[in-house]
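Visitor: Whatever this is, show me its structure:
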Amino acid sequence: MDRRDFLGKIIKIFFLTLFSVLSAISLLFLYPSKIRKRKVQFFEVLKEEDLPRRGVKKVVFRYPRGEQILRMKAFIVNHNGRLFAISPVCTHLGCVVSWHRKKEQFLCPCHGGRYDIEGRVIEGPPPRPLTKLPLKIENSKAYIGLKI
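Guide: Now for the predicted structure:
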């Protein structure tokens, strides 16, 4: 085998490998992920009468995941006549934020991220607002939805 044939085979192998890798990566993006297949399940968190009339209320509830029972925290907010639920997980590095009633802000203890009452970033490193969670009220009970 001379040098020209050798280089030709190397180039063919390189492009075939590159094509295979790019094809595999594109299939990963096109194939539906498990996350998209998960359905929202609602879990009871409060009685309707215990919902905040205005401001923020922290709730803790339990939900099943596989064979385990996990605890979840969330905030239920009643602001400007709108009732919604917010995840307490900071969008920067996943620390748990707390509600500061006097400042009327959610504060992240890890890197100083601050969010307004609707979960929008005010200051600090968080790249996006706090995640809103599905909230529904049925039969005088409040339910928060999670993708499980």
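
Visitor: Now that Arg71 has come up, it's in contact with Arg62, right?
Guide: Yes - if you go by Cβ atoms under 8 Å, Arg71 and Arg62 touch, sitting 5.7 Å apart. From N, CA and C alone the C-beta is placed, and that goes for glycine too.

Visitor: Same drill for the two, tell me which one is more crowded.
Guide: Counted by other Cβ atoms under 10 Å, Arg71 and Arg62 do not tie: Arg62 has more neighbours, with 11 against 8.

Visitor: element containing the more buried one, please.
Guide: In the assignment (DSSP states H and E), Arg62 maps to strand 55-65.

Visitor: Now do that strand: which elements does it pack against?
Guide: On a contact count with 3 or more Cβ pairs under 8 Å, 6 or more residues apart in numbering; DSSP states H and E, strand 55-65 meets strand 40-47, strand 68-79, strand 141-147.

Visitor: now do 6 Å
Guide: Secondary-structure packing of strand 55-65 (3 or more Cβ pairs under 6 Å, 6 or more residues apart in numbering; DSSP states H and E): strand 40-47, strand 68-79.

Visitor: Just the C-alphas of that strand, formatted as PDB.
Guide: Provided in PDB are the C-alpha atoms of strand 55-65 (Å, rounded to 0.1, in the frame of the first residue of the first chain):
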ATOM      1  CA  GLY A  55     -48.500  37.000  50.500                       C
ATOM      2  CA  VAL A  56     -46.600  33.700  50.700                       C
ATOM      3  CA  LYS A  57     -47.100  30.500  52.600                       C
ATOM      4  CA  LYS A  58     -44.600  27.700  52.700                       C
ATOM      5  CA  VAL A  59     -46.000  24.200  52.400                       C
ATOM      6  CA  VAL A  60     -44.400  20.800  53.000                       C
ATOM      7  CA  PHE A  61     -46.000  17.700  51.500                       C
ATOM      8  CA  ARG A  62     -45.100  14.000  50.800                       C
ATOM      9  CA  TYR A  63     -45.200  12.200  47.500                       C
ATOM     10  CA  PRO A  64     -44.300   8.700  46.400                       C
ATOM     11  CA  ARG A  65     -41.300   8.100  44.100                       C
END
